[in-house]
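Trainee: attaching a predicted model along with its sequence, questions to come.
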Amino acid sequence: MPKKFLCLGVETSCDETAAAVVESPRDSGVSRPVILSNVVRSQAKLHKIYGGVVPEIAGRAHLESILPVIHQALKKSGKKLTDLDAIAVNHTPGLIGALLIGVSAAKSLSLALNIPLIGVNHLEAHLYAWQLRPKLPVASSQKRVASEIYRLPVTGHRLPYPAIGLVASGGHTSIYLVKSPVIYVRLGGTVDDAAGEAFDKVAHILGLGYPGGPLIEKIARRGNPQAIKFPRPDVASGRISPKAARPEVMTGQNIIPRPEGARLAQPGWAAQFNFSFSGLKTAVLYYAKGQNASRQTPLKKGINIPDIAASFQETVAQTLVDKVMEAVSQLSVISHQSSVISHQLSVKPPITDYRLPITGYRRSEAESRRMSGSPMTDDRLRSVILGGGVICNKILRQKFMKAARINGLNLFIPPPALCTDNAAMVAGLGAELYRAGKRDNLYLDVQSS
């Protein structure tokens, strides 16, 4: 049996110091990467009193933890430094000071061991995380460590590509066209607050604490998600603010970002896939504390906090699901032979009731028969991949499962432990990039976005 490829992953983008050893096939094959170790040291307690991540504190904590965490990852994997074939490190996006710690450590090991260094995009790694599997078979008591894969029974495809990918976390909310394990085309993102950031800020408004996601989800179980009709954020036209993540278009083999502030041509696909959660956060603030209130204003008497939390969570979750389903419908026909994205919906007779939300598009009888009765041999987009800490939310996962089932889509969701920041996803994608020919040198730089 050929020797497996061992990759050490390093992750220090925000407030978790992480290292992992992942075992992958040397050639692209049918087996999924295996996690030999995955060590994450959280800084949540350090930042809790501030209600958010403090970059200076994060950087210092990474500096103290990085070597012990790498040592622990190697020890748990049963491997030595000399066993490693490559080192993968997240170098973008993230906090600059935090990224520098991980990249510096990875460069040092790469130089000392004379093994390849691979820079990895943190968001793309989130969309790779579903492919990872634990070292040991998953027992009934350990189901939460396995990816949730809701696959059409007879698609004839092991991998989901092409797919629409959603990364929803504390710092990012972005939609991608995922053409392969190493090709990601960014379709849109938040123009202000990320979904996870909105959860944190609303939790602060309601006096629940930090981090906000788990706390809102917990108290929302006692609330009515239909009690309050908060505004649904929608960004479909107009100028992108300077804070917006810039949409990208494909020209030939090059991915060209649109200039900041540039008006997006309408009807165009890019603006349709942007998010905005700042207005929703403000709506919660005014509902809970009164019009023109500030964060320091006390809560109004008699308000129902569980109802507010449940209604807010419902609004965010439905917004994310609807945007992803809209992307699926708009990019439903894709050719791998061309880098031009076809965004014209196929108009087919509305025979079956596989209705896609928002667009009202229905699959034809022939198309539905192909999805349910025979292998698919074209490049039709048929899958959704999720990643990021917000995807831990149970309500959000359930909504995506329902939407995927209704629309006949494969759904790939990492376990909660691989949704939050970790180094296993960095190592897994790093090994994939290595097989694709990517190598970085000691001039690898960090980028905040």
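Mentor: Arrived safely.

Trainee: use CA for all of it now, contacts and neighbours both
Mentor: Fine.

Trainee: sec struct for the spatially most distant residue from the centre of the chain, please.
Mentor: Within the chain, the residue lying farthest from the chain centre (Cα atoms, centre = their mean) is Lys301, at 37.7 Å. Judged by DSSP: H, G, I helix; E, B strand; the rest coil, the three-state class of Lys301 is coil.

Trainee: ok, His126 to Leu215 distance?
Mentor: In this view, His126 and Leu215 are 23 Å apart by Cα to Cα, to the nearest Å.

Trainee: more crowded one of these two?
Mentor: A direct count of neighbours by other Cα atoms under 10 Å for His126 and Leu215 places His126 higher, at 29 against 16.

Trainee: okay, and for the stretch 51-200 of the chain, where does confidence drop off?
Mentor: 136-159 (pLDDT under 70).

Trainee: how about the helices in it?
Mentor: Per DSSP state H, counting those that start in this stretch, the stretch 51-200 of the chain carries helices over the ranges 55-77, 96-113, 122-128, 195-205.

Trainee: CA atoms of the first one as CSV?
Mentor: What follows is helix 55-77 as a C-alpha-only set of coordinates in CSV (Å, rounded to 0.1, in the frame of the first residue of the first chain):
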residue,chain,number,x,y,z
PRO,A,55,-6.9,41.8,18.3
GLU,A,56,-4.0,42.6,20.6
ILE,A,57,-5.0,40.1,23.2
ALA,A,58,-5.6,37.5,20.5
GLY,A,59,-2.1,38.0,19.1
ARG,A,60,-0.4,37.6,22.4
ALA,A,61,-2.5,34.5,23.3
HIS,A,62,-1.5,32.9,20.0
LEU,A,63,2.1,33.6,20.6
GLU,A,64,1.9,31.8,24.0
SER,A,65,-0.1,28.8,22.6
ILE,A,66,1.2,28.1,19.1
LEU,A,67,4.1,25.8,19.9
PRO,A,68,2.4,23.8,22.7
VAL,A,69,-0.7,23.3,20.5
ILE,A,70,1.5,22.0,17.6
HIS,A,71,3.3,19.7,20.0
GLN,A,72,0.0,18.4,21.3
ALA,A,73,-1.3,17.8,17.8
LEU,A,74,1.8,15.8,16.8
LYS,A,75,1.6,13.8,20.1
LYS,A,76,-2.1,12.9,19.6
SER,A,77,-1.5,11.8,16.0
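
Trainee: next SSE downstream of whichever strand or helix holds Gln398?
Mentor: Secondary structure from DSSP states H and E places Gln398 in helix 394-407. Downstream of helix 394-407, the next assigned helix or strand under DSSP H and E is strand 410-413.

Trainee: pull up the distance across stretch 204-215, start to finish.
Mentor: 10 Å.

Trainee: got it, and stretch 196-215?
Mentor: Start-to-end span of stretch 196-215 (Cα to Cα) is 12 Å.

Trainee: again with stretch 184-193
Mentor: End-to-end for stretch 184-193, by Cα to Cα: 22 Å.

Trainee: picking up where we left off before, how about the helices of the stretch 51-200 of the chain, which one is nearest Lys4?
Mentor: Closest of the helices of the stretch 51-200 of the chain to Lys4 is helix 55-77, at 13.7 Å (criterion: Cα to Cα).

Trainee: now that closest one: buried residues?
Mentor: Within helix 55-77, the residues that count as buried by 16 or more other Cα atoms under 10 Å are 55, 58-59, 61-63, 65-66, 69-70, 72-74, 77.

Trainee: repeat for stretch 398-407
Mentor: Those would be Lys399, Phe400, Met401, Ala403, Ala404, Arg405, Asn407, for stretch 398-407 by 16+ other Cα under 10 Å.

Trainee: out of those, which is nearest to Val316?
Mentor: Ranked by distance to Val316 (Cα to Cα), the buried residues of stretch 398-407 are led by Lys399 at 11.3 Å.

Trainee: can I get the helices of the stretch 51-200 of the chain in TSV with distance to Tyr287?
Mentor: Output for the helices of the stretch 51-200 of the chain, formatted as TSV (distance: least, Cα to Cα, whole Å):
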stretch	distance to Tyr287
helix 55-77	31
helix 96-113	36
helix 122-128	33
helix 195-205	11
